[in-house]
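> Okay, sequence plus prediction incoming.
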Amino acid sequence: MASQQSTVDYILDQIAEAGSVSAKKMFGEYGIYCDGKMVALVCDDQLFVKPTDAGKAFIGEFNEGLPYPTAKPCLLISGDKWDDRRWLTNLIKISAAELPLPKKKPRSKKK
């Protein structure tokens, strides 16, 4: 089941103060980016944040889930936490700070 655009829009609105946030549609689901780093996924209208040590410490007790069958476990953020703008923004900021920037792909030479 694909995620609804309204779900993604709500999450982006809630975390707008975390930095430069955006979403990219991928196979009917969405990647959430903060300052150029993929920090979360929205799959089946559920929010999965990439696990970091700082993010886990911030949450305390956390649940993990798989955004899709072959994925690595992510922090599953329950819907009731989405309404706490400050908490969710802090989680995204903390997680983004610990995640590496994506590796640049080498340009292919055109003949």
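That came in fine, so what should we check first?
> which strands and helices sit next to the helix ranked longest in the chain?
What stands out as the longest helix in the chain, according to DSSP state H, is helix 85-98. Packed against helix 85-98 by the contact rule (3 or more C-beta pairs under 8 Å, 6 or more residues apart in numbering; DSSP states H and E) you find helix 5-14, strand 29-34, strand 37-43, strand 46-49, helix 53-59, helix 79-82. For glycine as for every other residue, the C-beta is placed from the backbone atoms N, C-alpha and C.
> Ok, which of those comes nearest residue 102?
Go through these one by one with C-beta to C-beta and the one that ends up closest to residue 102 is strand 37-43, at 6.9 Å.
> Not counting its neighbours along the chain, what's nearest the residue nearest to the spatial centre of the chain?
Nearest residue to the geometric centre of the chain (C-alpha atoms, centre = their mean): residue 40, 1.2 Å. Of all residues not flanking residue 40 in the chain, residue 32 sits nearest, at 4.0 Å (C-beta to C-beta, 6 or more residues apart in numbering).
> check contacts around the residue nearest to residue 62 when sequence neighbours are not counted.
Among residues not flanking residue 62 along the chain, residue 75 sits closest, at 5.3 Å (C-beta to C-beta, 6+ apart). Residue 75 makes contact with 48-51, 55-56, 59, 62-64 under the criterion C-beta atoms under 8 Å, 6 or more residues apart in numbering.
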